[in-house]
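# Generate a structure from the sequence data that follows.
(chains A and B)
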Amino acid sequence: MPFASIALFLSLAGVALVYRGWRDGQGRFSVPGWLCLWLAVPLWVLTSGWEFGLIYALTLPSVLALAVVALVARRREVAATAPSASRRLPLPALSALGRAGLWTLLVLPVAGLASGLLALALAYVVAGSADNRIALAGVLLPVLWGSLAYWLAGWRNAGRQGAVLLAAGVLCGLWLVLGGVV
Amino acid sequence: MKLSSALVRRSLDGHGWLGLLVSALMYVVCLSGTLAVIYPELERWEQPRVDETSAYDAAQLESVFNAFLADPERLTPHMSLYLPTADFPRTRVANEEAAWLVDARGGLTREAHPFTHLLTQVHLYLTLPGSYGMILVSALGALLVALILSGLLAHPRLVRDAFVLRWGRGDRLENTDLHNRLSVWCSPFFLLIAVTGAWFGLVLPLVGGASALTGEPREAIIASVFGDDPAVEGAGSLQLVRALDTLQSVAPQARPISLTIHEADTPQRFAEISARHPRRLLWSENYRFDMAGNYLGKTGFSDGSPGKQVAYAMYRLHFGHFDGLKSKLLYLALGLALTVVSATGMNIWLARRGRHDALDLIWPGLVWGFPLALAICALAMPIVGVGASALWGLTAAALCLAVYCGDARRARGTLRIALALVLLSLVASHLLRFQAGAVSGAALGVNAALLVVGGLLAGLSWRARPQTSRERGSGGGAASVTRTRFRA
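Next up is the predicted model:
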């Protein structure tokens, strides 16, 4: 079956064209490049089945692109100098440690709990059976937790964010307790 | 789409803070996970003197397994027979405590792969007790999602710098380019790993939470995915040949990989044959039989609800064990990329701080010291049984050595050359112990890889050695200035 070879060729060609378009700043290479990458997808599916094929279609262009990055990397000959390190490890102030501890609590257990309850609530709304609900909640949980952690870490406002997490968690928990299984 | 500078600033700030919070654990989990992709090969490397074949005699295995089941010293509620496959051409029997290799004559040899077991314990649990470790590792998966999201939003030059890599000085620019190129191009894979990795430790707490809040019994939720136990009576010896023949007629496309006897110590015991379906990510479809080999039904992972199919595909999707060597090599490369992203992220933060203290020594101490500790454990394992305490103790010793070096470059160089020497010693000792066994099958591949990595590290350390007498005279001390080559 030549599909694998054609898929690989299209992936290689796609990455090469995308690179050429990037280097020259011209869409006339980038667009065909992305088209080649998209055309490779059904060929990977024909070669390996849709499950394996989608994974190859998603991951192989990354490897090929990094190979191009390595090939065209610019080597800088003159080594930079930097001060050497001291063996001392000054400890942060107690207040800084306290703030870090508070944010760690918010990002880890509080956001984790809130996102778990939110994931379950969404799953119970969308999915009909117990197995679908648990699978959906299991996939949603890290996405929601990660999104909440990003929001917490970037917009640090402990009072408001903590209150929002608490309210969301309580509402979802109440909905699950009162709404229950549909 | 142009990102606002406020969003970029907040995202970068959040990315840095989150990265700092998880850096050490993320690095350990990523490196151990990358190595764990080839854990079957490592198991074969640890015990290479085994006649390997993917063929088997079902009648002989029926006799061997029934004798195993009948042994009251070895009987536990779950007893398993692992059939040889192309990926792992060894036959094994196992109870809940140990496993034994089955040779061509039906003899049993205790299976022993303590180093691989230690490595997988690090990745799955960080060697912490019970499920707490798995929950912590899964939480890292969720935080990896946060890092991917914040990293992409903190990168306004994402397209402009898509193929830029300036290397050669080991400075902040090199680390930034490496970090950004690897993380942007591999972000789809990293997201896949984050979500699937989070699954294993978080799904059971989710089940517990759902049960507690909605009143659904926990067992019912689990049974909705894995199926109820069939009601059978009258245990006897297993008719394996009959069961396999029946499987062939029920599901001719399925390739059996293992068989488990559930409730083996009760009269309600039944057999479940796990069989692979071609080109499917699910671990297996499970076909149930009574002990007489009568077909009772299947659990429905192959054609059941989407939830069942997703749940049972998570393992192979996360570890890359779905298409033989091809998928493993792909996952090895991408897993290594994630490990490098973890290391370079912290390098960037250290370089941006504007001050220099012991953290500049501790971090490269961890980056090079942890793999060195793993390699020393692998080397020492055949002589003295070493476990998690030795691994973490050696890692701590490497950190102390790095601080003692007083200079980041010298710390990296010392640990790197030590790692190279230990890897090369590992190959030499394996050759001495196993002779022909060390250069056949999976052991050949593992030893070749160890040689290549050890050689590359030795070469890298040779190139990074002090070039001038001025540099040789200026090692250590807070007042001196040294060339900083490849940071971590």
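
# Show the pLDDT at residue 54.
Chain wasn't specified; assuming chain A. Looking at residue A:54, its pLDDT reads 96.

# that's the other chain; I wanted chain B
The predicted local confidence for residue B:54 is 93.

# just residue B:476 next, same as before
40.

# Ok, residue B:218 next?
93.

# Quick check: closest non-adjacent residue to it.
Distances taken as C-beta to C-beta, 6 or more residues apart in numbering or on different chains put residue B:211 closest to residue B:218, at 4.2 Å, once the chain neighbours are dropped. Glycine gets a C-beta too; all of them are placed from N, C-alpha and C.

# dump the residue contacts of that neighbour.
By C-beta atoms under 8 Å, 6 or more residues apart in numbering or on different chains, the contact set of residue B:211 is B:217-218, B:221.

# With neighbour count as new columns, can those be given to me in a markdown table?
Below are the contacts of residue B:211 laid out as a markdown table (neighbours: other C-beta atoms under 10 Å in any protein chain shown):
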| residue | neighbour count |
| --- | --- |
| B:217 | 10 |
| B:218 | 13 |
| B:221 | 19 |
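
# List the ones among those residues that fall in helices.
B:218, B:221 (DSSP state H).

# check contacts around the residue of the stretch 201-350 of chain B found nearest chain A.
Proximity of the stretch 201-350 of chain B to chain A (C-beta to the nearest C-beta) peaks at residue B:279, 3.0 Å away. Listed by C-beta under 8 Å, 6+ apart, the contact set of residue B:279 reads A:48-49, A:51-52.

# Where does the most centrally placed residue in chain A sit: helix, strand or coil?
Note on chain A: the residue nearest the mean C-alpha position is residue A:143, at 8.1 Å, using C-alpha atoms, centre = their mean. On the three-state scheme (DSSP: H, G, I helix; E, B strand; the rest coil), residue A:143 is labelled helix.

# I'd assumed residue B:195 was in contact with it.
Yes. Counting by C-beta atoms under 8 Å, residue B:195 is a contact partner of residue A:143 at 6.6 Å.

# Surely residue B:376 is in contact with residue B:397?
No. Residue B:376 is beyond contact range of residue B:397, at 9.6 Å (criterion: C-beta under 8 Å).

# if you count what's nearby, which of those two comes out ahead?
Neighbour tally, residue B:376 and residue B:397, criterion other C-beta atoms under 10 Å in any protein chain shown: the higher count belongs to residue B:376, 22 against 15.

# Who are the packing partners of the helix or strand hosting that one?
Secondary structure assigned from DSSP states H and E places residue B:376 in helix B:359-380. When contacts are defined as 3 or more C-beta pairs under 8 Å, 6 or more residues apart in numbering or on different chains; DSSP states H and E, helix B:359-380 sits against helix B:5-36, helix B:114-125, helix B:324-352, helix B:388-405, helix B:408-434.

# can you put the ones you listed in CSV and add distance to chain A and mean pLDDT?
Converted to CSV, the helices and strands packed on helix B:359-380 look like this (distance: least, C-beta to the nearest C-beta, whole Å; pLDDT from 0 to 100):
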stretch, distance to chain A, mean pLDDT
helix B:5-36, 3, 96
helix B:114-125, 16, 97
helix B:324-352, 6, 96
helix B:388-405, 6, 97
helix B:408-434, 5, 96
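
# Can you pull the residues of the stretch 1-150 of chain B lying near chain A?
Proximity of the stretch 1-150 of chain B to chain A, by C-beta under 8 Å from any C-beta of the partner chain, involves residues B:10-11, B:13-15, B:17-18, B:21, B:138-139, B:141-150.

# residue ranges with poor pLDDT in the stretch 151-300 of chain B?
For the stretch 151-300 of chain B, the stretches with pLDDT under 70 are B:234.

# In chain B, what residue comes closest to chain A?
Going by C-beta to the nearest C-beta, chain A is nearest to residue B:145 of chain B, at 2.6 Å.

# Quick one: residues contacting that residue.
Contacts of residue B:145 (C-beta under 8 Å, 6+ apart): A:142-143, A:145-147, A:149, B:191, B:194-195, B:198.

# cool, residue B:217 as well?
Counting by C-beta under 8 Å, 6+ apart, the residues that residue B:217 touches are residue B:211.

# distance of it from residue A:178?
Between residue B:217 and residue A:178 the distance is 19 Å, computed by C-beta to C-beta, to the nearest Å.

# May I have the secondary structure class of the residue of chain A found nearest chain B?
Nearest residue of chain A to chain B: residue A:146, at 2.6 Å (C-beta to the nearest C-beta). Under the three-state scheme (three-state DSSP), residue A:146 adopts helix.

# If you drop the residues flanking it in sequence, what lies closest to it?
Take residue A:146 and drop its neighbours on the chain: the residue closest to it by C-beta to C-beta, 6+ apart is residue B:145, 2.6 Å away.

# so what's the backbone phi/psi at the one you found?
Phi and psi for residue B:145, reported as degrees, to the nearest 10, are phi -60, psi -40.

# Please work out how many residues are found near the closest residue to residue A:91 other than its chain neighbours.
Of all residues not flanking residue A:91 in the chain, residue A:97 sits nearest, at 7.9 Å (C-beta to C-beta, 6+ apart). By the measure other C-beta under 10 Å, the count of residues near residue A:97 is 11.

# any idea how far residue A:97 is from residue A:153?
In terms of C-beta to C-beta, residue A:97 sits 17 Å off from residue A:153.

# Tell me how far the helix or strand containing residue A:14 lies from the chain's centre.
Per DSSP H and E, residue A:14 falls inside helix A:3-24. Centre-to-centre, helix A:3-24 and its host chain are 24 Å apart (C-alpha atoms, centre = their mean, to the nearest Å).

# Run through chain A and note the low-pLDDT ranges.
Scanning chain A for pLDDT under 70 picks out A:1, A:78-85, A:180-182.

# Does residue A:117 touch residue A:174 like I think?
No. Checked against C-beta under 8 Å, the pair residue A:117 and residue A:174 is beyond contact range at 9.5 Å.

# Looking at those two, which is more packed in?
residue A:117 (27 against 13).

# three-state assignment of residue A:114?
helix.

# so what's it up against?
A:148, A:165-166, A:168-169, A:172.

# Let's see if you can find the most crowded of the residues you listed.
residue A:148 (25 neighbours).

# Which parts of chain A are strands?
Residue ranges of the strands in chain A, as given by DSSP state E, are A:74-75, A:81-83.

# The shortest one vs chain B: in contact?
It refers to strand A:74-75. Yes. Applying C-beta under 8 Å from any C-beta, one finds strand A:74-75 in contact with chain B at A:74-75.

# quick one: contacts of that strand?
B:164-168.

# Could you check how far residue B:288 is from residue B:96?
Residue B:288 sits 20 Å away from residue B:96, going by C-beta to C-beta.
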